[in-house]
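S.K.: please find the sequence and the predicted model below.
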Amino acid sequence: MIRRFPDGFLWGASCSAHQTEGAWDADGKGLSVQDTRPRDTHDICDFTVAVDFYHHYREDIALLAEMGAKVFRFSIAWTRILPEGTGAVNEAGLAHYDDVVNACLEHGVEPMITLYHFDLPQALEDRGGWDSRETVDAFENYARIVFERYGDRVQRWLTINEPNIMLLVDKKILGRAIPLERKYQQFHHLMIAEKLAIKACHELVPGGQIGPVPNISIVYPASAKPKDFRASLYFNAIRQWAYLDFSCKGIYNPLLLDYLAKKGVSIEVTDADRELMAAHFPDFIAMNYYTSVTVEYPEDASNMADGISDQQSEDIMDAGFYKGFTNPNLEKTQFAWTIDPQGMLTTLLAIEDRYAMPIVITENGLGAYIELTPEGTIKDDYRIDYYRKHLTMCARAIESGVQLVGYSPWSAIDLVSVHEGMRKRYGFIFVDRDEADEKQLARYPKKSFHWYQRVIADNAVDDGIESKEGVA
Ligand code: BG6
């Protein structure tokens, strides 16, 4: 059955600065926490070269245009603009993103920019990072600089990529654990920084639109046991609704408050923060979805490692609240992430139900091992299958009234996976390098590139299945 998408649907592809750009110290760039991140394993590559998007952006954007992308989501590296996070502006960094934005526009591809994707300037980290108010002010200053510079050409902005995953998966993303009592002060600072960016965007970008970009994955209970259902309610609140409630409703989620009270964690919130929270709201919700999460009530919470990871969370275990559980109903990728297209539909319905706002999916994808064939082709049928199933659920969500206006999956080109290096490939475009050898970094469109090109041209996806109505 052919599933058609609304006219003007925003087809795109996404990536982030530190996972693609490389050129870690070029043209005055400062160090970010991704450049200095402590690593458990050194058999995966770091971000010093990545896929050298810094020097290949023209070629890559031309390929994305050939694929038919209407929008390209990328992030700006704060440390290219302000090498120390604050202070002197680096004109070479600003000029670089002028070129990237202009290259997009020359190809008829709309740039959609994420302000911040896990890469805090190290100079700010040294002075307390997100523990400190100074970082909030520095973020606002940085955001205002980029809005002023690119606001004449860039209309759609994203604030802070996955603050929820950054805090929940601190060890994997930042290379160190943030103690619970500091985690939620950081939450507050990140969310206030976002509010300041929303305010600044609306002041400085004529007609500009801005959205939060959390990772939202519906949390299922492991069973119909009352305690398991309650566990899912709490993890849904802590993992995601707390973030969107702050962004879109200007409130602290009540279950998060209960959780914090029971944990004995308090947060410093000023009157000015409360005013700001309730006064500035996003224009749309951007969200990243890879798979769903399942939890049970932890009858025995003595061992943290008993909590199964939801792939993007550390082992999930919180005494009295929830514990991760392997969902036996879902298949898994080569990297043991579950695959749950139905979960995407349910997640979209839940967001519509709670917030009733336009939604853009800004990440969705499958990481896999793959080798270039001697003929220079890459047959990633498993990725096509993943996208086909998820796009089918997007179409069904739209039919059900979800205001889904765009789909920009992960990733535009192969990049360095946050957790698993270069071997875990997500892109529509293969980049010929491996963990240790940068080779020539040549680009090769994959089979999925051509498949997605067809989907975009048709504004439709063939779900490959018979039509069945209802909620199944
Ligand atoms: C998201 C991040 O959490 O997941 C991306 O926004 C990341 O930066 C993606 O690449 C996939 O995770 P991983 O660990 O496979 O790179």
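M.R.: Alright, I've got the coordinates.
S.K.: pull the longest helix from this structure.
M.R.: Using DSSP state H to assign secondary structure, the helix with the most residues in the chain is helix 180-204.
S.K.: pLDDT (mean, whole number) over it?
M.R.: In this model, helix 180-204 has an average pLDDT of 97.
S.K.: give me the buried positions along that helix.
M.R.: The neighbour-count check on helix 180-204 (16 or more other CB atoms under 10 Å) flags 182-202, 204 as buried. No exception for glycine: its C-beta is placed from N, CA and C like everyone else's.
S.K.: and for stretch 150-163?
M.R.: Here stretch 150-163 shows 150-151, 154-163 as buried, counting by 16+ other CB under 10 Å.
S.K.: want to throw the residues you listed into a markdown table with pLDDT?
M.R.: Shown next, in a markdown table, are these (pLDDT from 0 to 100):
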| residue | pLDDT |
| --- | --- |
| 150 | 98 |
| 151 | 98 |
| 154 | 98 |
| 155 | 98 |
| 156 | 98 |
| 157 | 98 |
| 158 | 98 |
| 159 | 98 |
| 160 | 98 |
| 161 | 98 |
| 162 | 97 |
| 163 | 97 |
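S.K.: and the residues you listed near the ligand, which?
M.R.: Near the ligand, judged by CB under 6 Å from any ligand atom, the entries from the buried residues of stretch 150-163 are 161-162.
S.K.: between the buried residues of stretch 150-163, which is nearest residue 114?
M.R.: Nearest to residue 114 out of those is residue 158 (CB to CB; 4.2 Å).
S.K.: wait, that closest one sits on residue 73?
M.R.: Yes. Contact criterion CB atoms under 8 Å: residue 158 and residue 73 qualify, at 7.1 Å.
S.K.: what touches both of the two?
M.R.: 112-114, 362 (CB atoms under 8 Å, 6 or more residues apart in numbering).
S.K.: what does the stretch 101-250 of the chain have sitting close to the ligand?
M.R.: 161-162, 165, 215.
S.K.: narrow those residues to those in helices?
M.R.: residue 165.
S.K.: report the contact partners of the residue nearest to residue 390 when sequence neighbours are not counted.
M.R.: Using CB to CB, 6 or more residues apart in numbering and skipping the chain neighbours, the partner closest in space to residue 390 is residue 341 (5.0 Å). Residues near residue 341 by CB under 8 Å, 6+ apart: 386, 389-390, 392-393.
S.K.: hmm, try it at 7 Å
M.R.: Counting by CB atoms under 7 Å, 6 or more residues apart in numbering, residue 341 touches 389-390, 392-393.
S.K.: ok, and the most crowded of those residues?
M.R.: Neighbour counts for these, by other CB atoms under 10 Å, peak at residue 390, which reaches 26 neighbours.
S.K.: so what touches whatever helix or strand that one lives in?
M.R.: Assigned by DSSP states H and E, residue 390 belongs to helix 381-399. Residues from elsewhere that reach helix 381-399 (CB under 7 Å, 6+ apart): 3, 5-6, 339, 341-342, 344-345, 348-349, 364, 366, 368, 404, 407, 409, 447-448, 451-452, 455, 461, 463-464.
S.K.: tell me which residues of it are tucked away?
M.R.: So, applying 16+ other CB under 10 Å, buried residues of helix 381-399: 383-398.
S.K.: could you point out the helix or strand that follows that helix?
M.R.: Downstream of helix 381-399, the next assigned helix or strand under DSSP H and E is strand 404-407.
S.K.: what's the mean pLDDT across that following strand?
M.R.: The pLDDT scores in strand 404-407 average 98.
S.K.: state the next helix or strand along the chain beyond that strand.
M.R.: Sequence-wise, the next helix or strand downstream of strand 404-407 (DSSP H and E) is strand 429-431.
S.K.: how far away from the center of its chain is the helix or strand just after that following strand?
M.R.: Following strand 429-431 in sequence order, the next helix or strand is strand 443-445 (DSSP H and E). Going by CA atoms, centre = their mean, to the nearest Å, the spacing between the C-alpha centre of strand 443-445 and its chain's C-alpha centre is 23 Å.
S.K.: which helices and strands sit right next to strand 443-445?
M.R.: If contacts are counted by 3 or more CB pairs under 7 Å, 6 or more residues apart in numbering; DSSP states H and E, strand 443-445 sits against helix 53-67, strand 429-431.
S.K.: could the ones you listed go into JSON lines alongside distance to the ligand and mean neighbour count?
M.R.: As requested, the helices and strands packed on strand 443-445 are exported to JSON lines (distance: least, CB to the nearest ligand atom, whole Å; neighbours: other CB atoms under 10 Å):
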{"stretch": "helix 53-67", "distance to the ligand": "14", "mean neighbour count": "19"}
{"stretch": "strand 429-431", "distance to the ligand": "14", "mean neighbour count": "25"}
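S.K.: would you put the C-alpha positions of the helix holding residue 390 in CSV?
M.R.: C-alpha atoms of helix 381-399 as CSV (Å, rounded to 0.1, in the frame of the first residue of the first chain):
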residue,chain,number,x,y,z
ASP,A,381,18.7,-3.3,2.6
TYR,A,382,18.2,-3.6,6.4
ARG,A,383,18.3,0.2,6.6
ILE,A,384,15.7,0.5,3.8
ASP,A,385,13.6,-2.0,5.7
TYR,A,386,14.0,0.0,8.9
TYR,A,387,13.1,3.3,7.2
ARG,A,388,10.2,1.8,5.3
LYS,A,389,8.6,0.5,8.6
HIS,A,390,9.2,3.8,10.5
LEU,A,391,7.9,5.9,7.6
THR,A,392,4.8,3.8,7.5
MET,A,393,4.2,4.6,11.1
CYS,A,394,4.8,8.3,10.4
ALA,A,395,2.1,8.2,7.7
ARG,A,396,-0.2,6.4,10.1
ALA,A,397,0.5,9.0,12.7
ILE,A,398,-0.4,11.8,10.3
GLU,A,399,-3.6,9.9,9.4
